[in-house]
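Asker: Below is the structure, and that's it, no one-letter string:
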């Protein structure tokens, strides 16, 4: 692996020599692992390898190796104490990815707060509408959709987080796709499906908040006005070894949150 990195460094130094790039870095989940892990990436001699690559290609030790990127968050902190600290001590920039999606031996955690959904009201109105629609009709589709809604409601407590919902949603949407010719799915089911997902997110975020308070003793999360994502970002910014935090921007509210964090 290290030999391949040296070869890659030489290729990058050649690109610098040609004026194609100014610098380069390494992004690896392995930076966050312990040294005894079989997937650990030994990083202590990376700068020496960059210097050697630059000497061979550009006849100078002024290499272009400038940054490392790794996952880190409230629950995955090991890399901040090792690879990130080493990088900062050696003048490298530290980029952090996956700041709000955390994994440990207890499971998967979405480090974000979600508001309480109007789930019960929307569920009841959906069931009532489907029951009314099914009266006097021998439509298998309507009865099947009604059964699906009831099954989803019964299974709601079993969906622990948004990661489990992502897998479950595929199965749900696959089931309802075959009913599109018999009923306007978007009109009938869309409000329920949206409310169901919002409820999953809300319940999951409450469980995460309780976990962080009990397991990590993060007292500030006892304040319901303090969002989990805000605490998670402040933790990274206050670590002293992070230059850039990378966030997904798939929703407008994520962009708004990032702008607010920049202000602070």
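Answerer: Happy to help now that I have it. This structure is a prediction, so every number in the text was calculated from the model and none was measured. Numbers count the residues shown, from 1 in each chain.
Asker: Quick check: which ranges of the stretch 1-150 of the chain have low pLDDT?
Answerer: Applying pLDDT under 70 to the stretch 1-150 of the chain flags the ranges 136-139.
Asker: which residues in it form strands?
Answerer: For the stretch 1-150 of the chain, the strands defined by DSSP state E, counting those that start in this stretch cover 24-27, 65-71, 93-97, 101-104, 107-110.
Asker: Now render these as CSV, adding distance to residue 198.
Answerer: Yep, even glycine has a C-beta here, placed from its N, CA and C like the rest. Shown next, in CSV, are these (distance: least, Cβ to Cβ, whole Å):
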stretch, distance to residue 198
strand 24-27, 33
strand 65-71, 27
strand 93-97, 26
strand 101-104, 19
strand 107-110, 13
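Asker: so which of the ones you listed comes closest to residue 249?
Answerer: Nearest to residue 249 among the strands of the stretch 1-150 of the chain is strand 93-97; the distance by Cβ to Cβ comes to 13.2 Å.
Asker: list the contacts for the residue nearest the centre of the chain?
Answerer: For the chain, the residue nearest the mean C-alpha position is residue 101 (3.4 Å; Cα atoms, centre = their mean). Residues in contact with residue 101 (Cβ atoms under 8 Å, 6 or more residues apart in numbering) are 73, 108, 109, 110, 111.
Asker: What is the nearest of these to residue 238?
Answerer: Residue 238 lies nearest to residue 73 out of those, by Cβ to Cβ, at 13.3 Å.
Asker: That closest one: neighbour count?
Answerer: 24 (other Cβ atoms under 10 Å).
Asker: Phi, psi for it please.
Answerer: Per-residue torsions, residue 73: phi -170, psi -170 (degrees, to the nearest 10).
Asker: give me every residue that touches residue 173.
Answerer: Residue 173 makes no contacts at all, as judged by Cβ under 8 Å, 6+ apart.
Asker: between the strands of the stretch 1-150 of the chain, which gets nearest to residue 56?
Answerer: Across the strands of the stretch 1-150 of the chain, the minimum distance to residue 56, taken as Cβ to Cβ, is reached by strand 65-71, at 13.8 Å.
Asker: what sits up against that closest one?
Answerer: 9, 12, 23-29, 31-32, 43, 46-47, 50, 79, 83-84, 87, 92-98, 246.
Asker: max-length helix in this structure?
Answerer: helix 185-216 (DSSP state H).
Asker: still on that earlier bit, what two of the contacts of residue 101 have the greatest distance between them?
Answerer: Checking these with Cβ to Cβ, the most distant pair is 73 and 108, at 11.6 Å.
Asker: what touches both of these two?
Answerer: Residues touching both residue 73 and residue 108 (Cβ under 8 Å, 6+ apart): 101, 102.
Asker: hmm, back to that, which parts of the longest helix of the chain are buried?
Answerer: Applying a neighbour-count criterion of 16 or more other Cβ atoms under 10 Å, one finds 185, 188-189, 191-193, 195-205, 208-209, 211-212 buried in helix 185-216.
Asker: and the following helix or strand past that helix, what does it pack onto?
Answerer: Sequence-wise, the next helix or strand downstream of helix 185-216 (DSSP states H and E) is helix 228-237. Contact partners of helix 228-237 among helices and strands, from 3 or more Cβ pairs under 8 Å, 6 or more residues apart in numbering; DSSP states H and E: helix 185-216, strand 244-245, helix 252-263.
Asker: Ok, which of those comes nearest residue 150?
Answerer: Comparing the helices and strands packed on helix 228-237 by Cβ to Cβ, helix 185-216 comes nearest, at 11.1 Å.
Asker: could you give the angle of that closest one to helix 228-237?
Answerer: With axes from the mean of the first three to the mean of the last three Cα atoms, to 10 degrees defining the directions, helix 185-216 sits at 50 degrees from helix 228-237.
Asker: Residue 170 and residue 252: what is the separation?
Answerer: 24 Å (Cβ to Cβ, to the nearest Å).
Asker: which ones are touching the closest residue to residue 168 other than its chain neighbours?
Answerer: Excluding its sequence neighbours, the residue lying closest to residue 168 (Cβ to Cβ, 6 or more residues apart in numbering) is residue 159, at 6.0 Å. Residues near residue 159 by Cβ under 8 Å, 6+ apart: 165, 168, 200, 204.
Asker: With that, I have no additional questions.
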